[in-house]
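Trainee: Build me a model from this:
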Amino acid sequence: EYSMFGSSSVSVASSVARTIVDGVQHSIAHWKVLLFGQLISFFLAAAGAASEELNGRCNVSVPLTQTSLVGLLLMILGACKMKGWGTGRLRSGQQSEKDWDNHEEEEEESFCSHEPGEHQPTLDDHQHDNEQTGGNRVFRMKQSPREKSKSQPRSFCFGLQTIHAPLWLYFIVALVAVEARYMIFLSFRFTSFTFIYLVDALAIPSAMAFSRLLLKREYHFVHLLGGVVCISGIVTNTVSDLKGTGSEVEQIGSREDVNSFEHLYGDFLAIGGAVLLGLDDVISEMLIKNYGGLDELLFMKWLFGVGICLTQLAAFERDDLIELFGNQGDEPCAVSTRLLLLCGYTLFQFLDM
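Mentor: Predicted coordinates for the structure are as follows:
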């Protein structure tokens, strides 16, 4: 009996040790991916800290201005990449079509360039090979990228750009992206920095649910278990805010003018924004895979996004924008400090996205 338990403990220990060694080797082999992930985490934390300082210490909340500035940079980046400016290559759609044309020319040359007397492959040869392999090979003509697209290319901006997806799809994904970020930035007025960035993890189970509905993607038990753990942590944080007293809420929110109801309102704003972020990721993935690609998505999504931001800004954020540039002498932060925090947020958020 002792030898049986002893051998089982040794096998468990060796299995754990082997798992640790494999994990270390995998981490070393993919150190660039890990380093890139740490950089993204740093940019995200720096952007959040700048937004928290702008809202908490400077008492300035301009979520639509923040979103519009980041969206403007992303729109310019997408337009430049679509045109091939600064990339040393053609636009992605033109490049793929050019590569397909070159591929067709190479196949035509290889089909026609045979020595006299040499056997040339024909359609019958392909059908004969298919019969010999048990029908596992299917002889069919290859499709070019333009034939695989679900939508025909159409000119946009008087022929300056070519897009593939309907305009209403880009409007929907832009509206979801803008409102998600608006709700998250607005929550900085009422709730804590820590809670907001813990709740952002809700975008993962949200993306899982929407990808199941829209993309018919399947998940295993381990994926579902991870989503449940994520949701459980968020529920625990929200319940702790519900049970907190007024003084505790003020201490958590780092603002003297936040009461328990406002703090809870900020919590639900952050939760709603995280859910919309998951939907934004799913729709963006669908557009990238089925239509014009990443460059087109960046340009069109944030072209509509900036327009939506400016429209809402004119309706809801004019006074806050005036306060951002105001200098009446009694503000907790100077104008230069506010603008520096705004520029820092815009830069780090742009690098993070």
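Trainee: hang on, residue 315 in a helix?
Mentor: Yes: Residue 315: assigned to a helix according to DSSP: H, G, I helix; E, B strand; the rest coil.
Trainee: count of neighbours near it?
Mentor: Residue 315: 9 surrounding residues under other Cβ atoms under 10 Å. For every residue, glycine as well, the C-beta is placed using N, CA and C.
Trainee: Show me what the longest helix seen in the chain is packed against.
Mentor: Assignment by DSSP state H gives helix 260-290 as the longest helix of the chain. Here helix 260-290 touches helix 167-187, helix 193-199, helix 203-214, helix 221-243, helix 246-253, helix 294-316, going by 3 or more Cβ pairs under 8 Å, 6 or more residues apart in numbering; DSSP states H and E.
Trainee: Pipe those into CSV and attach mean pLDDT per row.
Mentor: Listed next are the helices and strands packed on helix 260-290 as CSV, based on pLDDT from 0 to 100:
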stretch, mean pLDDT
helix 167-187, 91
helix 193-199, 78
helix 203-214, 90
helix 221-243, 79
helix 246-253, 44
helix 294-316, 92
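Trainee: what about these, which gets the closest to residue 76?
Mentor: Proximity to residue 76 (Cβ to Cβ) singles out helix 294-316 among the helices and strands packed on helix 260-290, at 8.6 Å.
Trainee: so what does the closest one touch, helix or strand wise?
Mentor: The elements that helix 294-316 packs onto, with contact taken as 3+ Cβ pairs under 8 Å, 6+ apart, are helix 63-83, helix 92-112, strand 161-163, helix 167-187, helix 260-290.
Trainee: what angle sits between the last one and helix 203-214?
Mentor: Okay, so that is helix 260-290. Helix 260-290 and helix 203-214 meet at an angle of 50 degrees, taking axes from the mean of the first three to the mean of the last three Cα atoms, to 10 degrees as the criterion.
Trainee: Distance from the chain centre to helix 260-290, please.
Mentor: Averaging C-alpha positions (Cα atoms, centre = their mean, to the nearest Å) puts helix 260-290 11 Å from its chain's average.
Trainee: Now that helix: average pLDDT?
Mentor: Across helix 260-290, pLDDT averages out at 89.
Trainee: how about residue 50, what does it touch?
Mentor: Neighbouring residues of residue 50 by Cβ atoms under 8 Å, 6 or more residues apart in numbering: 341-342, 344-345, 348.
Trainee: Now with 6 Å, please.
Mentor: 341, 344-345 (Cβ atoms under 6 Å, 6 or more residues apart in numbering).
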